[in-house]
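[1] Curious how this folds, go ahead:
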Amino acid sequence: MKRYVWIGLIVIAMAIGWFLSLDPFRHQPPEPTVTIEGRDVKVYTGTYSWSGMFRGETADAKAEAIDLVKDDPSTLAKPEDRLMIRFEEEPTPKSFTIVLWSVEDKKEIKTYKKTGQITVPSTPGRYVYQITADWKEGDGDFAFPIEVK
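    Okay, the predicted model is just below:
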């Protein structure tokens, strides 16, 4: 009899562990991890909409990507350093797009649809990368400033 109780407790513990691994309490999209030549880059969350299992949330940044982060400290980079953007937390986005903006001109420079590694611009200046990601649970915008010296 004790054996069946232990087996039942183990099965229940595994079921609870599986349920919690789905992160049912998440109410905003997972942030990307960004590095430049192995150095961590601060990423800012912009507008997003998310529907979790128990709770949903919508947030409006009320600013474009450049305006959201232009006054924040920029990560320094050398011309043509390697930039890596990854979504390490689950769930993984269905798709994401990265747009490079010039802070001085407020103009879009380049759009990346698929990435592994991106090379930062070779021209010195301040830039903002905007990441737009889509999941089945919702979508989110993220941004981070860099300065190429």
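[2] list the contacts for the residue positioned nearest the centre of the chain?
    With distances taken as Cα atoms, centre = their mean, Pro32 lies nearest the centre of the chain, 2.5 Å away. When contacts are counted by Cβ atoms under 8 Å, 6 or more residues apart in numbering, Pro32 touches 43, 85-87, 96, 131, 133, 142. Where you see a C-beta, it was placed from the backbone N, CA and C, and this is true even at glycine.
[3] Same question for Phe142.
    31-32, 43-46, 130-131, 133.
[4] How much space separates it from Glu31?
    The gap separating Phe142 from Glu31 is 6 Å, by Cβ to Cβ, to the nearest Å.
[5] Pull up the overlap in contacts between these two.
    43, 45.
[6] Can you lay out the contacts of Phe142 as JSON lines showing secondary structure?
    Output for those, formatted as JSON lines (DSSP: H, G, I helix; E, B strand; the rest coil):
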{"residue": "Glu31", "secondary structure": "coil"}
{"residue": "Pro32", "secondary structure": "coil"}
{"residue": "Val43", "secondary structure": "coil"}
{"residue": "Tyr44", "secondary structure": "strand"}
{"residue": "Thr45", "secondary structure": "strand"}
{"residue": "Gly46", "secondary structure": "strand"}
{"residue": "Gln130", "secondary structure": "strand"}
{"residue": "Ile131", "secondary structure": "strand"}
{"residue": "Ala133", "secondary structure": "strand"}
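[7] Just the closest of these to Asp71, please.
    Distance to Asp71, by Cβ to Cβ, is smallest for Tyr44 among the contacts of Phe142, at 11.1 Å.
[8] so who does that closest one touch?
    Residues near Tyr44 by Cβ under 8 Å, 6+ apart: 68-69, 72, 142-144.
[9] filter those to the buried ones?
    Neighbour-count burial (16 or more other Cβ atoms under 10 Å) is assigned, among the contacts of Tyr44, to 68-69, 142-144.
[10] So which of these are in helices?
    68-69 (DSSP state H).
[11] Please identify which of the buried ones among the contacts of Tyr44 is nearest to Thr92.
    Phe142 (14.9 Å).
[12] How about the spatially closest residue to that closest one that is not a sequence neighbour: which residues does it bridge to?
    The shortest distance from Phe142 to any non-neighbouring residue, by Cβ to Cβ, 6 or more residues apart in numbering, is to Ile131 (4.4 Å). According to DSSP bridges, the residues that bridge with Ile131 are Ile98, Phe142.
[13] Perfect, I'm done here.
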